[in-house]
Each structure stands twice: as C-alpha cells, then as structure tokens.
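J.: predicted model, plus sequence, below.
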Amino acid sequence: MPLITLTVRKPKSAEFKTTVLNAVHAALVAVGVPETDKFQRVLELAEEDFRFDTGYPDLKSPRNGEFVLIEVLWSVGRSVKVKRKFLEELMATLGKAGLDPENVMVCFKETTWENWAFGGGRLIHA
C-alpha cells in the first residue's frame, strides 16, 4: 500500500493536483501496485512554508513555484530497477501533461510490511 504525499506551493488548481496524482498512480500500477490501492494526500503550503533550492544538485533548468515534491511511502523490497521504471513512467506522463520533469522531486521511503494497519487496527502482514 503506497501512501503518496504531494507537496506543492499555493495556489494549485484541482486540475493540477489531479494530473500529478493520476500520473503517480499510473506509474505505481505500471510497477505492479494494484489499481485499487490508492491512498494519496496533498499538502499545499504557502511560499514561506515550502522552501527549496532552485538548482540542487544538477538540474538542467531551475526549480520554480511549480515545484512538486512527491513522497512515496511503501513497503521494503522494491528493487532499484522497479524504482527506475516508476520514475520513467512518471516523468514521461508528467512531461506529456506539460510539467517540467526537472521541477519534480521524488523521495522513496520504505517501511516493513508489519507497519501497515489498513483498517480496524488489523496487522494483516504481521
């Protein structure tokens, strides 16, 4: 169960957020996540609450106010190959939607399977 957190600067339209979240979900499905496994949240912050370097570490174009930070919290065990495929799918889809892939940062976070209680306090993987 990946949990996706999208962090952006205010204001962003519902269409913008939906475009990004749909691209993330499509990339997850492309690497084997079930279609119905969709848990997403959006943090939309004021400029003073979301600060970032415009060029770190080696960007081809600088980040700007359209910068998107995508955090993917999922269970351990996915290979670098799977992560690369996810990133390729995501960047291709976002690029087609008009977003500059250089303005998108992805952070993978991993947790063990027994750390998920999907509902009712049940640890189904413990």
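T.: That came through, no problem.
J.: who's in contact with the spatially most central residue of the chain?
T.: Centrality entry for the chain: nearest residue to the mean C-alpha point is residue 70, 3.1 Å, by C-alpha atoms, centre = their mean. By C-beta atoms under 8 Å, 6 or more residues apart in numbering, residue 70 lies in contact with 4, 5, 6, 7, 20, 24, 90, 104, 105, 106, 107. The way it works is simple: take the backbone N, C-alpha and C, and place the C-beta from them, glycine included.
J.: which residues does it bridge with?
T.: Judged by DSSP bridges, the bridge partners of residue 70 are residue 6, residue 106.
J.: packing partners for the strand or helix carrying residue 87?
T.: Using DSSP states H and E, residue 87 sits within helix 80-96. If you count contacts as 3 or more C-beta pairs under 8 Å, 6 or more residues apart in numbering; DSSP states H and E, helix 80-96 packs onto helix 14-30, strand 104-111.
J.: closest one to residue 54 out of the contacts of residue 70, please.
T.: Proximity of the contacts of residue 70 to residue 54 (C-beta to C-beta) peaks at residue 105, which lies at 11.9 Å.
J.: in this protein, where is pLDDT below threshold?
T.: Applying pLDDT under 70 to the chain picks out no residues at all.
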